[in-house]
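*Asks:* Predicted structure and sequence below. I'll ask about it afterward.
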Amino acid sequence: MKSLILVMTLILFSTFQVFACDCECTGDCSFSSISNNSEFVALIKVISYDDYLDDEIMGYEGKMPYSMTVEIIKKYKGKETRNTIKIWGDNGAKCRPYISNFKIGEHYLIAPNLLRVYKLKGEKSIDYDFFSCNTDYLKVDIEKQKAYGEYTKIKTEIELKEFEEKLMI
């Protein structure tokens with residue numbers, strides 16, 4: 001009987017953990033759709049990692065970055081007035097991408113969410129995050145002036161100029 005209770009508890013616990021970060025996109029979750037419906041869209045450059053997770057993340061060597069500061073190179077949409085903003089990543093249970101996906105010195109098109117309600121230690125309501133179930137950032141090759149990733153369901157790259165022309169403001 002004790003082993004049955006233990007097994008059921010483990011199943012319940014593991015189901016909860018999977019649910020916490022398991023998501024499925026409903027509708028069009030491509031960058032084109034997300035950025036058109038987002039309050040803030042920008043071209044950014046990653047400046048630094050700022051906060052780090054206390055726990056080790058399996059498969060990642062060293063301290064896992066938990067937040068990053070980015071420089072806004074060009075704002076396409078939104079009321080953000082700062083030159084730099086802070087973006088928070090996943091702690092293992094937040095349905096956010098890990099900050100280690102972003103490399104210092106590299107550029108990205110972003111359509112992040114302003115933190116409003118769910119604030120963890122260190123997070124502020126003026127900071128941002130991404131949602132793992134959406135394509136809310138694309139990697140940019142600044143020399144080629146192209147963004148790469150799921151721009152639409154069938155298009156995986158776009159020139160920055162074309163992106164600017166298509167973005168509904």
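*Replies:* Perfect, thanks for sending it.
*Asks:* So for residue 53, what's the pLDDT?
*Replies:* We have a pLDDT of 87 for residue 53.
*Asks:* For it, which non-adjacent residue is closest in space?
*Replies:* Excluding its sequence neighbours, the residue lying closest to residue 53 (CB to CB, 6 or more residues apart in numbering) is residue 64, at 4.5 Å. Yep, even glycine has a C-beta here, placed from its N, CA and C like the rest.
*Asks:* The longest strand anywhere in the chain: which residues count as buried?
*Replies:* Using DSSP state E to assign secondary structure, the strand with the most residues in the chain is strand 67-77. Under the neighbour-count criterion of 16 or more other CB atoms under 10 Å, strand 67-77 has 67-68, 70-72, 75-77 buried.
*Asks:* Go ahead and confirm residue 38 touches residue 76.
*Replies:* No - the pair residue 38 / residue 76 is not scored as a contact, 9.6 Å apart, by CB atoms under 8 Å.
*Asks:* What sits closest to the most centrally placed residue in the chain if chain neighbours are left out?
*Replies:* With distances taken as CA atoms, centre = their mean, the residue of the chain nearest its centroid is residue 130 (3.0 Å). Sequence neighbours aside, residue 136 is the residue nearest to residue 130 in space, at 4.8 Å (criterion: CB to CB, 6+ apart).
*Asks:* And the next helix or strand past the helix or strand of the chain with the lowest mean pLDDT?
*Replies:* Across the helices and strands of the chain, mean pLDDT, DSSP states H and E gives its lowest value to helix 2-21, namely a mean of 40. Toward the C-terminal end, the helix or strand that comes next after helix 2-21 (DSSP states H and E) is helix 31-37.
*Asks:* Can you name every helix or strand that the helix or strand following that next one contacts?
*Replies:* Following helix 31-37 in sequence order, the next helix or strand is strand 41-49 (DSSP H and E). Packing partners of strand 41-49 (3 or more CB pairs under 8 Å, 6 or more residues apart in numbering; DSSP states H and E): strand 67-77, strand 107-110.
*Asks:* Direction included, what does the longest one pair up with?
*Replies:* If you go by DSSP bridges, strand 67-77 pairs up with strand 41-49 (antiparallel), strand 84-88 (antiparallel).
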